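**Q** model this:
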Amino acid sequence: MKYESRKQEKDLYSTRKKPQIVDVPQQKFFSIHGVGDPNKIGFQERIQTLYPLSYGLKFAYKKFCQDKDVEFDDYVVFPLEGVWSLTKRGQHLDHLDKNEFEYDMMIRIPDFVPADLVQRALVETGQKKDLPLLKEVEVAEYPAIKSAQICHVGSYDDESASFEKIDQLVADEGLKRASKIHREIYLSDARRVDPDKLKTILRYEIN
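**A** All right, here's what the predicted structure looks like:
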């Protein structure tokens with residue numbers, strides 16, 4: 001059976017336009033760090049490093065399962081995610097400077113994929129592809145957290161209105177935002193979808 005995150009984990013990858021509270025379990029990712037304006041080439045280079053690696057792992061896992069009795073013998077590669085914050089300088093500016101963005105771009109690794117396959121994928125992808133930034137990729141684990149989220153539809157530059165809706169829900173529930181760091185899960189391909197139709201899950205930790 002093929003694992004599909006939008007079916008097996010509907011709450012975490014929801015397209016609901018209303019804010020909601022969700023429990024996010026511990027998760028593992030291929031992750032690469034960056035600083036700067038996401039509209040510049042360095043950002044795209046990082047994304048272009050993650051995808052061959054993630055698809056290489058998917059195909060390796062599918063081959064691994066051919067002679068095994070497992071619940072999931074294939075899976076749909078998870079959507080791209082980003083954990084976003086600002087540099088120390090950016091935090092002290094009186095305006096938003098995109099050059100001061102600090103981020104970790106990530107693609108999730110399914111829990112059921114063996115760790116040795118993950119490490120093998122890193123090695124084999126480097127042998128097959130010319131990816132200068134591959135050496136910067138880490139396998140990162142994020143602990144389980146309680147979060148608030150919403151599916152934002154539209155341009156990335158218009159996310160503030162959706163964040164206001166999340167903030168209101170959090171306040172109504174008597175909760176607080178844990179930090180200014182937030183996560184974005186990209187359900188749309190920005191290369192193929194008009195900006196006003198982009199779907200992005202916005203999420204931050206609460207307590």
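**Q** enumerate the positions of stretch 157-170 that are buried.
**A** 159, 162-163, 165-166, 169-170 (16 or more other CB atoms under 10 Å). Where C-beta positions appear, they are placed from N, C-alpha and C, glycine not excepted.
**Q** mind listing which of these are in helices?
**A** 162-163, 165-166, 169-170 (DSSP state H).
**Q** reformat the residues you listed as JSON lines; add distance to residue 86.
**A** Below are these laid out as JSON lines (distance: CB to CB, whole Å):
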{"residue": "162", "distance to residue 86": "19"}
{"residue": "163", "distance to residue 86": "15"}
{"residue": "165", "distance to residue 86": "22"}
{"residue": "166", "distance to residue 86": "18"}
{"residue": "169", "distance to residue 86": "24"}
{"residue": "170", "distance to residue 86": "20"}
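**Q** which of these sits closest to residue 87?
**A** Nearest to residue 87 out of these is residue 163 (CB to CB; 19.9 Å).
**Q** look up how far residue 182 lies from the closest one.
**A** 8 Å (CB to CB, to the nearest Å).
**Q** mutual contacts of these two, please.
**A** By the contact definition CB atoms under 8 Å, 6 or more residues apart in numbering, residue 163 and residue 182 are jointly contacted by residue 202.
**Q** count of neighbours near residue 120?
**A** Using other CB atoms under 10 Å, residue 120 has 15 neighbouring residues.
**Q** residues touching it, list them.
**A** Contacts of residue 120 (CB under 8 Å, 6+ apart): residue 60.
**Q** pLDDT on the host helix or strand of it, on average?
**A** Using DSSP states H and E, residue 120 falls within helix 115-128. Across helix 115-128, pLDDT averages out at 96.
**Q** following it, which helix or strand shows up next?
**A** Counting by DSSP H and E, what follows helix 115-128 is strand 138-142.
**Q** contacts made by that following strand with the rest, please.
**A** Here strand 138-142 has contacts from 24, 26-33, 104, 106, 109, 118-119, 122, using CB under 8 Å, 6+ apart.
**Q** just the buried residues out of those residues, in ChimeraX syntax.
**A** Here is the ChimeraX command that selects the buried residues among the contacts of strand 138-142 (16+ other CB under 10 Å):
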select :24,27,28,29,30,31,32,104,106,109,118,122
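**Q** and the contacts of strand 138-142, which is closest to residue 8?
**A** Distances from residue 8 to the contacts of strand 138-142, taken by CB to CB, are shortest for residue 27, at 13.5 Å.
**Q** wait, what's in contact with the closest one?
**A** 108, 141-142.
**Q** mind giving me the PyMOL command for buried ones among those?
**A** Remark: buried members of those, expressed as a PyMOL selection using 16+ other CB under 10 Å:
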select buried, resi 108+142
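**Q** let me know the closest of the contacts of residue 27 to residue 151.
**A** Relative to residue 151, and with distances defined as CB to CB, the nearest of these is residue 108, at 17.6 Å.
**Q** tell me if that closest one really is in a helix.
**A** No. Under DSSP: H, G, I helix; E, B strand; the rest coil, residue 108 sits outside any helix and is assigned strand.
**Q** once you drop chain neighbours, what's closest to it?
**A** residue 78 (3.9 Å; CB to CB, 6 or more residues apart in numbering).
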